[in-house]
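> Give the three-dimensional model of this entry:
(one chain, ligands or ions: 2)
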Amino acid sequence: MIKVEDLHKSFGKLEVLKGITTTIKQGEVVAIIGPSGSGKSTFLRCLNLLEEPTKGRIWIGNEEITDKKTNIMEVRQHVGMVFQHFHLFPHMTVLENVTYAPIKVKGMAKAEAEAKGIELLKKVGLEQKADEYPSRLSGGQKQRVAIARALAMSPDVMLFDEPTSALDPEMVKEVLEVMKSLAHTGMTMAIVTHEMGFAREVADRVLFLDGGQLIEDAPPQQFFASPKSKRAQEFLEKML
Ligand code: ADP
Ligand code: MG
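Residues are numbered from 1 along each chain as shown. Ligands and ions are numbered 1, 2, ... in the order given. You can find the predicted model right below:
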């Protein structure tokens, strides 16, 4: 579903991604972990062209998104993204947040978008908040709306950048539960996270990034039990 070949990204003189090569299969759930500043967010943002790679190639499905002819807006329709700080539209209700892109971008009829929106809000346990504004929701509720909003575009892939890092501890679980049930539907997911328990339980693979390089790529059982690199060992000692 996703193929990344020798991906480099620099900001000015700072080389943040130093040649990453990997693939993510359809239906796979991949946890991306690593120290702060290692390039995790930049990697994820390259996958939907929120950052333009300096070098290297990326395919989503059969389409090479790094091809100059690719329509970026079209790519983003197929790749949903959920951010640490939710990024909901504050002046729209929950339901409007969820229906906005399908109506505006896909030209879906309002009634259809709303029916689908309510369905998705049910899935994340928030249909009773459809007419509420984001400012009146808890962090966990906001993040669940953000997930529903991304799903409303029927993406092929979902990217999550530390979706629970801004949440109070008691709200982390409700968001992880929604992500876990999404994983069980067969959604292809790439998740930057510090939730090691979640990575171990839900991910099919762990990618460990350090210094802009992919240091390890292993199933969670293997990665957590016996990380090969010293850098991963040290990272895990600090985390666990
Ligand atoms: P992580 O998500 O692993 O913490 P990031 O991908 O956010 O790491 O950042 C990796 C490095 O790239 C950091 O040194 C960061 O300061 C730098 N960086 C990220 N985005 C930009 C940007 N837009 N301009 C300049 N430097 C950036
Ligand atoms: Mg980050």
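> quick one: contacts for the nearest residue to L209 once chain neighbours are set aside?
Excluding the flanking residues, the one nearest L209 by Cβ to Cβ, 6 or more residues apart in numbering is G34, at 3.7 Å. (Each C-beta comes from the backbone N, C-alpha and C, glycine too.) G34 makes contact with 40, 208-210, 215, 235 under the criterion Cβ atoms under 8 Å, 6 or more residues apart in numbering.
> For N48, see how far away L159 is.
L159 sits 6 Å away from N48, going by Cβ to Cβ, to the nearest Å.
> rewinding a little: would a markdown table of the contacts of G34 with distance to R136 be doable?
Conversion of those to a markdown table gives the following (distance: Cβ to Cβ, whole Å):
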| residue | distance to R136 |
| --- | --- |
| K40 | 31 |
| F208 | 39 |
| L209 | 37 |
| D210 | 40 |
| I215 | 43 |
| F235 | 38 |
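> How are the strands of this structure distributed by residue range?
If DSSP state E is used as the criterion, the strands of the chain fall at 2-11, 14-24, 29-33, 55-60, 63-64, 79-82, 157-161, 188-192, 205-210, 213-218.
> The second one vs strand 188-192, what angle?
Yep, that's strand 14-24 we're talking about. Between strand 14-24 and strand 188-192, the angle comes out at 150 degrees (axes from the mean of the first three to the mean of the last three Cα atoms, to 10 degrees).
> does any part of strand 14-24 sit near ligand 2?
No. Contact of strand 14-24 with ligand 2 is not found when judged by Cβ under 5 Å from the ion; the minimum separation is 10.8 Å.
> ok, that strand: who's next to it in the sheet?
As defined by DSSP bridges, the strand partners of strand 14-24 come to strand 2-11 (antiparallel).
> buried sites along the partner strand?
Residues of strand 2-11 classed as buried: 2-5, 7-9 (neighbour count, 16 or more other Cβ atoms under 10 Å).
> Nearest to G19 among the residues you listed?
H8 (5.8 Å; Cβ to Cβ).
> What residue, apart from its backbone neighbours, is nearest the closest one spatially?
Of all residues not flanking H8 in the chain, K55 sits nearest, at 4.0 Å (Cβ to Cβ, 6+ apart).
> what's near enough to touch K106?
K106 neighbours (Cβ under 8 Å, 6+ apart): 77, 153.
> quick one: low-confidence parts of this protein?
The model of the chain has no residue with pLDDT under 70.
> Can you name the residue of it nearest to ligand 2?
Nearest residue of the chain to ligand 2, counting by Cβ to the ion: S41, 3.2 Å away.
> If we ignore the residues flanking it in sequence, what's nearest that residue?
Closest to S41 by Cβ to Cβ, 6+ apart is D161, at 5.4 Å.
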